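>>> I need the structure of the sequence given here:
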Amino acid sequence: MAALAVKLLLFFAVTVSNCLATHNILMIAIDDLRPEIGGYGHPSMHTPNMDKLISEGTMFRFNYVQQAVCSPSRTSLLTGRRPDTTHVWDLWHYFRSVGCNVTTLPQFFKQHGYRTAGHGKIFHPGHASGQGVFPKGDDPPSWTEPYFHAPDNGNFSKHDIAWHTPDQPEENFPDAQIAAAGIATMKKLAKEPNGFFIAVGFHKPHLPFVFPKNYLDYYPEDTIKIADDPYPPKDMPEVAWSNWGELRVYTNVAAMHLPQNISKDMPDAYAKELRRAYYAATSYTDAQIGKVLDALDALGLRQNTSVVLWGDHGWQLGELGEWCKHTNFDIAARAPLIIRTPIYEQSHGIAMDMLTEHVDIYPTLVELAGFEAPKGLEGFSLVPLLKDKAAPWKNASFSQYPRGLPQGHKADERGDHAMGYSVRTAEWRYTEWVYFHNKTLTHDWSRNVGTELYDHRGDNGTSFSAYENQNLAGVPELKSVATQMQALLHGGFQVQLERVRAVHGDGLSAAKEQSAMPQVRSERQHRRHHHRVYTASRVV
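Below is the predicted model of the structure:
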């Protein structure tokens, strides 16, 4: 009898230990990464580590950001709210200072007892993430651990040329240092009883394209071509265009004295150089991703860690005559998203064609960790799609981009800028550029300065420009399509949220399925509730 009692005690001790084991989150962010990855249907790209992650998880083929520039996009993802709610449309304003002082994604985990650690570029650095409010940026309320930035000795961020290959060992490059720091933190927190949320943010392939020279070997010069569809879309409104000032600031590009009108300006020879350098920088970052993922496995953490990898927006490499981001074109608004979780084996090796958005990431990670999402999020958990790739889902995604008013339109008391609001469905992209007032922060649908309609029927996600080379907004035969898309755009994202909530409820399925002993899970959540009240008393 005594022996049986000992066995039972050991059994229940192991069972309780397993149920109390928290679910870790590893988030990998990549700056300016467009979905030109081997596993996204581009076999010429050397991205073996991202390809492997895709084969082991779910690749979201048609994932869209809320605004195609760094800080607004990252702020939306990390707060779970869209730019018109965060009031962040630029690289300067800090969301907590402009009316959106909410709990961020890493801060949510911090409030629930997790150790949270950031490395590299997660929030946009500097003033946009709190420098001035706090001694440093990177939103200090989000983290329990000291934030890590790689030192830069000047070899890696020069503005004289847009790409170069410093003669330095790879381990000296900033992103290699970020990977090493992320691995060190993972080792430190591997046995953390309350779990970890580790964010590792890589800078490349952001300009300048800087990487070890050997990565060019994957892309021989004679294999590089200029972009397909290198000319601006026919009948595109002027306001839709960006003159890619981010690239023109580099001394060697400025010396070309390229015209800034709407045209194909970049010389073909240099366009090929830039494309080759971007690809090599992407492969360099892929190698750093591999180091981090290998370390996760070596530490035995795969079975209780969900991994999410995302780019903060797309990037134009000469397609449609554009470079950089800063537009509402599909190539700028579409970004990679890969999720690998041990919770749903049916999600492994899946290519998902449903329309998803960056604001969906916050509620997804919260649910995968077994928690209920906070109120006010403007996306929906992707867990229903991880469970069943054919689950009912949203039929539209939304992006936007601000502009100055185009020629012929004057600022007045009702509007002093333009805002381009764009909606993407499986078959169409529709955009309206309308007056926006920077003081009242309101837009006026009745004051239109440009409309775009692009036909995406047959789009499998591998072309970056073929479906947006002609604006069809003025085609009489498509008037009914434009009318339907306008109604979808004006109806807004709320309609889409209600659509999925009507089917999937409040999004708690992962929490229910993770634990075989709900009473133990409930007790754990009860303890974390008290921790949340304590931390929340310091930062809202």
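>>> three-state assignment of residue 73?
Classification of residue 73 by DSSP: H, G, I helix; E, B strand; the rest coil places it in helix.
>>> quick check: longest helix in the chain by residues?
Using DSSP state H, we find that the single longest helix of the chain is helix 268-298.
>>> residues touching the residue most central in space within the chain, list them.
For the chain, residue 312 is the residue whose C-alpha lies nearest the centre (CA atoms, centre = their mean; 3.6 Å). For residue 312, the contacting residues are 29-33, 65, 70, 73-74, 77, 335, by CB atoms under 8 Å, 6 or more residues apart in numbering. Heads up, the C-betas are built off the backbone N, CA and C, glycines and all.
>>> try 6 Å
70, 73-74 (CB atoms under 6 Å, 6 or more residues apart in numbering).
>>> any idea what sits nearest it, other than its immediate chain neighbours?
residue 73 (4.7 Å; CB to CB, 6 or more residues apart in numbering).
>>> repeat that for residue 388.
residue 346 (7.5 Å).
>>> next, count neighbours for that neighbour.
Residues near residue 346, counting by other CB atoms under 10 Å, number 11.
>>> if we can go back for a sec, and the longest helix of the chain, what's buried?
271-293, 295-296 (16 or more other CB atoms under 10 Å).
>>> ok now the next helix or strand after it, how far from the chain's centre?
The first helix or strand that comes after helix 268-298 along the chain, using DSSP states H and E, is strand 305-311. In terms of CA atoms, centre = their mean, to the nearest Å, the centre of strand 305-311 is found 10 Å from the chain centre.
>>> note down every partner strand of strand 305-311 and its orientation.
As defined by DSSP bridges, the strand partners of strand 305-311 come to strand 24-30 (parallel), strand 337-340 (antiparallel).
>>> and the next helix or strand past the first one?
Downstream of strand 24-30, the first helix or strand assigned by DSSP H and E is helix 48-56.
>>> residue boundaries of the helices in the stretch 1-150 of the chain?
Along the stretch 1-150 of the chain, the segments classed as helices by DSSP state H, counting those that start in this stretch run 2-20, 48-56, 70-79, 83-86, 105-111.
>>> now for the shortest one, which elements pack on it?
Applying 3 or more CB pairs under 6 Å, 6 or more residues apart in numbering; DSSP states H and E, one finds that helix 83-86 makes contact with helix 70-79.
>>> cool, the last one as well?
Here helix 105-111 touches strand 115-120, helix 518-536, going by 3+ CB pairs under 6 Å, 6+ apart.
>>> quick check: residue 373 touching residue 366?
Yes. Counting by CB atoms under 6 Å, residue 366 is a contact partner of residue 373 at 4.7 Å.
>>> looking at the two, which is more packed in?
Ranked by neighbour count (other CB under 10 Å), residue 373 and residue 366 place residue 366 first, with 25 against 20.
>>> doesn't the more buried one belong to a helix?
Yes. Judged by three-state DSSP, residue 366 forms part of a helix.
>>> what comes into contact with stretch 61-72?
By CB under 6 Å, 6+ apart, the list of residues contacting stretch 61-72 reads 73, 76, 82-83, 88-89, 91, 124, 128, 312-313, 325-326, 332-335, 337, 351, 353, 355-358, 397, 399-401, 461.
>>> now, of those, which are buried?
Judged by 16+ other CB under 10 Å, buried ones among the contacts of stretch 61-72: 73, 76, 82-83, 88-89, 124, 128, 312-313, 325-326, 332-335, 337, 355-358, 397, 399-401, 461.
>>> and stretch 406-423, what's buried?
409, 415, 417-423.
>>> endpoints of it, how far apart?
With CA to CA, to the nearest Å as the measure, the first residue of stretch 406-423 is 21 Å from its last.
>>> state the mean pLDDT of it.
Per-residue pLDDT values over stretch 406-423 give a mean of 95.
>>> one more: stretch 126-133?
96.
>>> buried residues, stretch 252-268. List them.
253, 258, 262, 264-266.
>>> how distant is that stretch from the center of its chain?
Taking CA atoms, centre = their mean, the mean C-alpha location of stretch 252-268 is offset from the chain mean by 29 Å.
>>> and for stretch 264-273?
Remark: stretch 264-273 is offset 28 Å from the chain centroid, using CA atoms, centre = their mean.
>>> what does that stretch contact?
Here stretch 264-273 makes contact (CB under 6 Å, 6+ apart) with 224, 226, 230-231, 258-259, 318, 321.
>>> go on, stretch 439-452?
So stretch 439-452 is contacted by 237, 239-240, 406, 409, 418-419, 431-436, 471, 473 (CB under 6 Å, 6+ apart).
>>> scan those residues and report the most crowded one.
Going by other CB under 10 Å, residue 433 tops those with 29 neighbours.
>>> how much space between that residue and residue 406?
To residue 406, residue 433 is 8 Å away according to CB to CB, to the nearest Å.
>>> which stretches of the stretch 401-540 of the chain have low pLDDT?
Within the stretch 401-540 of the chain, the ranges that satisfy pLDDT under 70 run 507-540.
>>> what segments of it are helices?
479-491, 493-504, 509-514, 518-536.
>>> please name the nearest non-neighbouring residue to residue 499.
Counting by CB to CB, 6+ apart, residue 394 is the residue found nearest to residue 499 once chain neighbours are left out, at 6.2 Å.
>>> extract the C-alpha set from stretch 173-182 and format it as CSV.
Extracted C-alpha coordinates of stretch 173-182, given in CSV (Å, rounded to 0.1, in the frame of the first residue of the first chain):
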residue,chain,number,x,y,z
PHE,A,173,28.2,42.3,-37.8
PRO,A,174,25.3,43.8,-35.7
ASP,A,175,22.7,41.1,-36.6
ALA,A,176,25.2,38.3,-35.7
GLN,A,177,25.6,40.0,-32.4
ILE,A,178,21.9,40.3,-31.9
ALA,A,179,21.5,36.5,-32.7
ALA,A,180,24.2,35.7,-30.1
ALA,A,181,22.6,37.9,-27.5
GLY,A,182,19.2,36.3,-28.1
